[in-house]
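# task: produce atomic coordinates for the following.
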Amino acid sequence: MQIQASKLEGVLQITPPTIFEDFRGHYVETYNRDLYKAHGITADFVQDDISVSTRHVLRGIHGDAVTWKLISCLIGKFYMVVINWDEASPQYRQWDSFVLSEHNRKQVLIPPKHGLGHLVLSDQAIFHYKQSTYYDRPGQFTLLWNAPELGLWWPVQDPILSRRDLGLE
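Okay, here's the model as predicted:
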């Protein structure tokens, strides 16, 4: 297991503890509470979710004040942006980006008060995340993916968006 700090405090890029490939296929250990805890990751994950999307679908940017998330790409490839949305932080409004795929098997740990969004780069991608709280839509914030004041960079200019991510809900 390898852990690499990102430029945002508390956001970590993780190579899972076990990645194995042979003539039969792949095996990846995506989470092991004891190993993660031994590496300082103590979030108590209570819910797992996946979203399946097609090329150029952009989901997010969403977050809340209390939830830790551990993000993985099970199938395909996506570009992900994480933004610090903690007004008390000196890194408020700073962001970082990551590419997660079924080939690199990287994960990203995201602390509370950070928003995240992802854009699918492959024909289809399965986005997996563990959460330290149960999903609470009313408790979330939504940032516009293309808000000029955020200065975010995305690899496409015209993604496929939900009404929420268009700022219509």
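# and the next helix or strand past whichever helix or strand Ile83 is part of?
When elements are assigned from DSSP states H and E, Ile83 belongs to strand 77-84. As assigned by DSSP H and E, the chain's next helix or strand after strand 77-84 is strand 95-101.
# okay, now the sheet partners of that next one, with direction.
Counting by DSSP bridges, the strands paired with strand 95-101 are strand 77-84 (antiparallel).
# who are the contact partners of Leu143?
60-62, 83, 85, 115, 117, 150 (C-beta atoms under 8 Å, 6 or more residues apart in numbering). C-beta here means a position set from N, CA and C on the backbone, and glycine is covered the same way.
# what's the separation between Thr142 and Ile75?
From Thr142 across to Ile75, the span is 26 Å (C-beta to C-beta, to the nearest Å).
# next one: Asp96
Counting by C-beta to C-beta - Asp96 and Ile75 are separated by 24 Å.
# ok, the residue positioned nearest the centre of the chain - contacts?
Note on the chain: the residue nearest the mean C-alpha position is Ile71, at 4.5 Å, using C-alpha atoms, centre = their mean. Going by C-beta under 8 Å, 6+ apart, Ile71 touches 80, 100, 107-110, 116, 118, 127-129.
# can you do 7 Å?
80, 100, 107-108, 110, 129 (C-beta atoms under 7 Å, 6 or more residues apart in numbering).
# for it, give the beta-bridge partners.
Val108, Tyr129.
# then Ile83?
Beta-bridge partners, per DSSP bridges, of Ile83: Trp95, Gly115.
# and if you look at His62?
Under the criterion used (DSSP bridges), His62 bridges to Leu116, Thr142.
# now the strands for this protein?
2-5, 12-15, 18-22, 25-29, 47-54, 58-63, 69-75, 77-84, 95-101, 107-110, 114-120, 124-131, 141-142 (DSSP state E).
# of all those, which one is nearest Leu168?
Closest to Leu168 of the strands of the chain is strand 141-142 (C-beta to C-beta; 10.6 Å).
# same for that closest one, what does it pack against?
If you count contacts as 3 or more C-beta pairs under 7 Å, 6 or more residues apart in numbering; DSSP states H and E, strand 141-142 packs onto strand 58-63.
# who's in contact with the strand it packs on?
Here strand 58-63 has contacts from 51, 53, 81, 83, 85, 113-119, 140-143, 145, 159-161, 165, using C-beta under 7 Å, 6+ apart.
# among those residues, which ones are buried?
Among these, those classed as buried by 16 or more other C-beta atoms under 10 Å are 53, 81, 83, 85, 113-119, 142-143, 145, 159, 161, 165.
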